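Undergrad: Need the 3D shape of this:
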Amino acid sequence: MTDTTAHMHELNLYRQYFDLVAAGTKTIEVRVKYPHLTDLGAGDIICFRVKGTDETCKVNVKRVTEYANFEALLDGEGPANINPTATREQQLNNIRAIYPPKKEALGALAIEIERTAGH
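TA: I've put the predicted structure just below:
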């Protein structure tokens with residue numbers, strides 16, 4: 001018997017990205033493939049929080065796709081789905097400012113998300 005229970009994950013987001021998720025315009029969240037995200041999958045719920053605040057936004061995970069690096073992820077998912085307010089190069093620079101090369105070497109995850117009803 002397989003476990004089909006949705007898992008709840010809590011992740012911090014910078015304000016600028018949180019606002020895009022809350023508005024529904026950011027449909028792909030980018031993360032490094034950390035060990036605590038290996039069980040993340042379609043059907044799960046992520047509760048994003050603006051770091052240092054009680055402000056949250058819940059989303060449903062529609063899909064998780066692994067890429068070798070951030071460039072492949074941006075090309076595969078389309079920059080406008082990740083951050084419609086920035087160019088591909090700006091996004092690559094922003095992502096790499098958050099995650100240094102050692103972290104990027106772990107692999108990149110594209111998490112397709114959708115706002116939950118009523119949140």
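Undergrad: Going by residue numbers, what spans are helices in the protein?
TA: Here the chain has its helices, by DSSP state H, at 15-23, 70-77, 79-82, 88-98, 101-104.
Undergrad: of all those helices, which lies closest to Glu55?
TA: Glu55 lies closest to helix 15-23 among these, at 7.3 Å (Cβ to Cβ). Any C-beta I mention is one placed from the backbone N, CA and C, and that applies to glycine too.
Undergrad: Please compute how far that closest one lies from its chain's middle.
TA: 11 Å (Cα atoms, centre = their mean, to the nearest Å).
Undergrad: What's the mean pLDDT across that helix?
TA: What helix 15-23 shows for mean pLDDT is 95.
Undergrad: now the angle between helix 88-98 and it, please.
TA: 120 degrees (axes from the mean of the first three to the mean of the last three Cα atoms, to 10 degrees).
Undergrad: so what secondary structure elements neighbour helix 15-23?
TA: Helices and strands touching helix 15-23, as assessed by 3 or more Cβ pairs under 8 Å, 6 or more residues apart in numbering; DSSP states H and E, comprise strand 45-50, strand 56-67, strand 108-115.
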